[in-house]
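Participant: sequence and predicted structure below; questions after.
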Amino acid sequence: MNLGVALEWLAVTAPWAIRIGALIVVPFRRSPAATQSWLLLFFVAPWLGLVLYLAIGRPSHPRWRRQRVAQLWPIIDRAVSCIDRVARPAELPLVQASAASLVSGIGRMPLLQGNEVDFLTDYDATIDLLVEDIGHAEDHVHLLFYIFATDATGQKVIAALRQAALRGVRCRVLVDAIGSRTWAARIERELRPAGVEVHEMLPIRVLGRTTRFDLRNHRKIAVIDGRIGYTGSQNIIDSDQGWGWPNREVMVRVRGPVVGELQAVFVADWFLETEKELADGHLYPPADDAGSSLGQVLPSGPDLEHGGIDELFVALIHSARQRVLISTPYFVPSEPLLQALQVAILKGAEVHLLLSGRSDHPLVHLAQQSYYSELLSAGAVIHLFQPGFLHAKHMSIDEAVAVVGSSNVDMRSFALNSEISLVLYDREATLTLRQIERSRLEQSVPLRASDWERRNLARKCAENVARLFSPLL
């Protein structure tokens, strides 16, 4: 057999060998929707499918990192044991108790009472309040953010951290290596000389230990002295991020025992990046009742045994009796979540989706829009937010449960990103969140089914193609 014949034979058989191999390998430990999307890609473009699958095909970290992850639960359990000593568990009605048990089962964080929760929606005022709290820190400041820029907003926080470190406060900062890739080196140069400890999360390296570029830490956490905590959707960056239209966010500032759970997540992530456990008892100071809110923290992501946030969303939607509202910039639901929304409507609950009228990810936006027709026909109300980019991520269920955090309603947040959510179980907190929702609904335009169906055929085809690959987005 000469070389030309051999190459021709290889060109014909290799793609089919790849396809057959994909049929054997891809279905293992993968959802049916993701399996179908991967197999479709392999059969349409086998070489492209092979390259992408080798790069991002399995939502798991390299072996060295999995060995660290194996040590994670004892660290979390030790942190939670400190929290248990300073807080009292709460009693809840059945529906809320079921959700709280699910959160505890996934993330091992107990339900805690005696918390004060402030919802923050003014972007710049949130940064100013964080800077003020850092300025009053006496023992430590812990920051973990997917994006930490060195623009005007970032410089405010950098200056506050430098000043805190110079007066003897222990400051530790974690930034995602991809989300903060433009600024990470400068942050280190500006903070380390002042004594601030800075590490990149999930670094990408050509040589040495590296991680999957698509598995990211998307969390937003700040803890000051173990007594004040922040979490939510907002990063440390100018509100318009250079796009010319401002982000609209929801953050929460908390005091009380639940701050210890935010601390525990930071401690776990710090260990994953440094192999050093922060075990100082003063990280979990005695927590007096600061308020009346009942809550707990849910960490989720590929580092944890159970994904988590998708299961919580589905369970909460199924529990709804009157009303569900979801706010998210990216809406590419899993099949169970989509079915849960449809079932909630059939049971008589109102379902409202508060989505951004504009997007910074065109392909994801096309996939998102492919769900509009069936949601509208089922009876959901879709509200498209107009002024700026709606980046807030939250959910309210009846007047019973509120969820605020970093997680979008898409497959990336469900399977690939490390996320954090604060789940609140009291009426006061839920009604406060609903006031924010009401304000933003007034700035939104409801999408009418008759108007939506008038889009052209090419647009519909593009949406359908994007949807086929939505489990991979």
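Facilitator: Now that the structure is in, tell me what you want to look at. In this text the structure is predicted, and so the values were computed from the model without any measurement. Numbering: from 1, shown residues only.
Participant: spit out the contact partners of the residue lying closest to A320 once chain neighbours are set aside.
Facilitator: Leaving out its chain neighbours, the residue that sits closest to A320 by C-beta to C-beta, 6 or more residues apart in numbering is A349, at 4.5 Å. (Each C-beta comes from the backbone N, C-alpha and C, glycine too.) If a contact means C-beta atoms under 8 Å, 6 or more residues apart in numbering, then A349 has A320, R321, Q322, R323, V324 as its contacts.
Participant: was I right about S37 contacting R467?
Facilitator: No - if you go by C-beta atoms under 8 Å, S37 and R467 don't touch, sitting 9.5 Å apart.
Participant: which one's more surrounded, the two?
Facilitator: Neighbour totals were compared for S37 and R467, and S37 leads with 21 against 18 (other C-beta atoms under 10 Å).
Participant: for the stretch 151-300 of the chain, what spans make up the strands?
Facilitator: Taking DSSP state E, counting those that start in this stretch as the criterion, the stretch 151-300 of the chain carries its strands at 170-176, 197-201, 220-224, 228-232, 247-248, 251-255, 293-300.
Participant: save those strands as JSON lines, and put in mean neighbour count too.
Facilitator: Putting the strands of the stretch 151-300 of the chain into JSON lines (neighbours: other C-beta atoms under 10 Å) gives the following:
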{"stretch": "strand 170-176", "mean neighbour count": "23"}
{"stretch": "strand 197-201", "mean neighbour count": "20"}
{"stretch": "strand 220-224", "mean neighbour count": "25"}
{"stretch": "strand 228-232", "mean neighbour count": "26"}
{"stretch": "strand 247-248", "mean neighbour count": "22"}
{"stretch": "strand 251-255", "mean neighbour count": "24"}
{"stretch": "strand 293-300", "mean neighbour count": "26"}
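Participant: export these to a markdown table and tack on distance to I83 and mean pLDDT?
Facilitator: A markdown table is the format used below for the strands of the stretch 151-300 of the chain (distance: least, C-beta to C-beta, whole Å; pLDDT from 0 to 100):
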| stretch | distance to I83 | mean pLDDT |
| --- | --- | --- |
| strand 170-176 | 19 | 98 |
| strand 197-201 | 23 | 96 |
| strand 220-224 | 13 | 99 |
| strand 228-232 | 12 | 98 |
| strand 247-248 | 32 | 92 |
| strand 251-255 | 13 | 98 |
| strand 293-300 | 10 | 94 |
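Participant: check contacts around the closest residue to C82 other than its chain neighbours.
Facilitator: Leaving out its chain neighbours, the residue that sits closest to C82 by C-beta to C-beta, 6+ apart is Y284, at 3.9 Å. Applying C-beta under 8 Å, 6+ apart, we find Y284 in contact with A79, C82, I83, V86, G226, G260, Q263.
Participant: kindly indicate the member of those with the most neighbours.
Facilitator: Busiest of the contacts of Y284 [other C-beta under 10 Å] is G260, holding 28 neighbours.
Participant: isn't that residue right up against C82?
Facilitator: Yes - using C-beta under 8 Å, G260 makes contact with C82 at a distance of 6.7 Å.
Participant: phi and psi next, for the residue nearest to A320.
Facilitator: Note on A349: its backbone torsions stand at phi -80, psi 150 [degrees, to the nearest 10].
Participant: likewise A320?
Facilitator: Dihedral angles (degrees, to the nearest 10) for A320: phi -70, psi 140.
Participant: distance of it from A99?
Facilitator: To A99, A320 is 11 Å away according to C-beta to C-beta, to the nearest Å.
Participant: L174 too?
Facilitator: Computed as C-beta to C-beta, the L174 to A99 distance reads 29 Å.
Participant: residues near R454, how many?
Facilitator: By other C-beta under 10 Å, the residues close to R454 number 7.
Participant: specify the local secondary structure of it.
Facilitator: Classification of R454 by DSSP: H, G, I helix; E, B strand; the rest coil places it in coil.
Participant: could you check how far it is from Q342?
Facilitator: Shown here: R454 relative to Q342, a distance of 24 Å by C-beta to C-beta.
Participant: same check on S233?
Facilitator: Going from S233 to Q342 by C-beta to C-beta gives 26 Å.
Participant: look at those two and report which has more neighbours.
Facilitator: When S233 and Q342 are compared for neighbours, S233 comes out ahead with 25 against 18, by other C-beta under 10 Å.
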